[in-house]
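Novice: The following comprises the amino acid sequence and a computationally predicted model.
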Amino acid sequence: MIPPPSDSSHTRSGIFGAVTIVLSVACLAWALHGVSWSELWEDIRELDWRWVAVACVGDVLVYVIQGWRWSLLLRPVGPASIGSSVRAIFVGLFASEVFPLRAGELIRCFLQARWTEIPVSVVLASALIERIFDGVVLIVGLFFSIDYVRHLPLNHGQARAIGILADGSIFLTVLIVLCAALLAVAMFWRQQALEMLLNAPMFSWVHVMIEDLHLIGHSRYLYFSALMSVPYLLMQVVPIYALMRAYELDEASWARAAALMVLLRLGSVAPQAPGNVGLFQVISTLGLTLFGVQQAEARRFTLLLWGVITLPLLFAGFVAIVVTGAKIVDIHREARAEMRARSKNVGSQEFKEVEEVEE
């Protein structure tokens with residue numbers, strides 16, 4: 001029987017979620033301040049809808065590529081097809097637009113494990129590896145973006161913000177290197193890593209994770225999936241650039257679209273309200289003003305960009321849920337229950353599953 005969450009845990013989760021939503025609403029209020037709705041409607045009427053279509057298609061293709069990458073990563077341990085991977089991702093994206101704190105990440109892993117019969121711990125490990133891949137490519141993009149922005153005419157406040165961002169990028173680099181090093185130890189030196197933890201039964205879940213990472217790490221598909229991270233992130237530039245062209249933004253360029261994508265991706269790491277509401281608008285507005293876009297115009301463009309990036313994913317996610325034949329609320333509840341059960345009872349059963357996969 002699945003144990004219910006404790007009252008204190010439920011309270012902490014509720015407080016954290018409430019604070020996150022309040023901060024997101026405050027960010028959204030700042031982003032909407034001074035927006036002329038009549039001018040926004042005029043902007044919509046004057047959009048080049050051919051470029052809008054390119055933006056929407058590119059937005060969907062981003063996650064098709066991610067599904068391809070995920071299936072490659074899981075191939076050594078189970079039959080994870082591109083179709084099931086893409087479907088799980090779109091259901092997860094829909095969930096992240098509906099539930100707070102990026103619940104879609106948990107849901108996509110839960111669904112992938114259910115459909116492929118790959119142990120949940122293996123799927124969670126693969127999602128962690130994906131984030132390391134993304135982090136490495138994003139850090140490289142961030143350094144290029146900072147170097148590009150520094151050559152733009154900036155006022156004192158903007159220059160100071162770029163300096164803070166540069167310092168933050170160094171911290172992120174160190175953090176990603178440390179995480180990658182820990183993963184490398186688990187993947188390629190499994191026996192040594194396990195010996196370090198043999199006398200720590202409370203970390204039995206780490207034992208399981210090390211076994212799972214070892215399966216993935218000793219496969220050429222790990223490197224294929226790592227290479228797929230480059231087109232996956234580059235494709236995310238397409239919707240931004242296409243909307244810049246549709247909007248006929250004077251400052252439109254691939255370099256600026258790429259720099260804005262990097263900033264938005266880094267901002268998405270922070271906990272926020274459903275649908276990336278609030279922080280997305282703030283980061284996009286501030287990023288566009290760095291490129292010389294007037295703040296009023298940047299605020300309007302940001303709202304259009306959010307719509308172009310969000311609405312196609314909602315539609316694709318809805319279709320994926322219909323195909324799945326389950327309600328998103330039920331999927332969310334089952335995924336959380338599964339994770340609670342795993343956190344309470346990981347050990348011998350999971351090791352048996354790993355041995356079965358190895359055989």
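Specialist: That came in fine, so what should we check first?

Novice: got the buried residues for the strand or helix carrying Ser145?
Specialist: In this assignment (DSSP states H and E), Ser145 forms part of helix 120-150. Burial within helix 120-150, assessed by neighbour count using 16 or more other CB atoms under 10 Å, is assigned to 120-130, 132-139, 141-142, 145-146, 148-149. Placement of C-beta: from N, CA and C, glycine included.

Novice: Quick one: mean pLDDT over that helix.
Specialist: What helix 120-150 shows for mean pLDDT is 83.

Novice: repeat for stretch 178-190
Specialist: The average pLDDT for stretch 178-190 rounds to 63.

Novice: Give me the buried stretch members for stretch 32-47, please.
Specialist: By neighbour count, and taking 16+ other CB under 10 Å as the criterion, the buried residues in stretch 32-47 are Asp43, Leu47.

Novice: first vs last residue of that stretch, how far apart are they?
Specialist: Using CA to CA, to the nearest Å, the end-to-end distance of stretch 32-47 comes to 20 Å.

Novice: contacting residues around the residue nearest to Ala242 when sequence neighbours are not counted?
Specialist: By the measure of CB to CB, 6 or more residues apart in numbering, the closest residue to Ala242 outside its immediate chain neighbours is Ala55, 3.7 Å from it. Contacts of Ala55 were listed using CB atoms under 8 Å, 6 or more residues apart in numbering, and they are Val238, Pro239, Ile240, Ala242, Leu243, Ala246, Val308, Ile309.

Novice: Could you do Leu313 as well?
Specialist: By CB under 8 Å, 6+ apart, the contact list for Leu313 reads Asp59, Val60, Tyr63, Phe90, Leu93, Phe94, Glu97.

Novice: Val314 sits in which helix or strand?
Specialist: Actually, residue 314 is Leu rather than Val. Counting by DSSP H and E, Leu314 is part of helix 295-324.

Novice: ok now that helix, how far from the chain's centre?
Specialist: Shown here is helix 295-324, whose average C-alpha point lies 15 Å from the average C-alpha point of the whole chain (CA atoms, centre = their mean, to the nearest Å).

Novice: for stretch 50-64, same thing?
Specialist: Averaging C-alpha positions (CA atoms, centre = their mean) puts stretch 50-64 17 Å from its chain's average.

Novice: now stretch 129-137
Specialist: 10 Å.

Novice: can I get the CA coordinates of it in CSV?
Specialist: Once side chains and other backbone atoms are set aside, the C-alpha atoms of stretch 129-137 remain, and they are given as CSV (Å, rounded to 0.1, in the frame of the first residue of the first chain):
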residue,chain,number,x,y,z
ILE,A,129,21.8,12.6,-18.1
GLU,A,130,19.7,14.7,-20.5
ARG,A,131,20.0,17.7,-18.2
ILE,A,132,23.7,17.3,-18.0
PHE,A,133,23.9,17.3,-21.8
ASP,A,134,21.7,20.4,-22.0
GLY,A,135,23.7,22.1,-19.3
VAL,A,136,27.0,21.7,-21.1
VAL,A,137,25.6,23.0,-24.4
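
Novice: ok, back up a step: distance between the helix holding Ser145 and the chain's centre?
Specialist: The answer for helix 120-150 is 10 Å, by CA atoms, centre = their mean.
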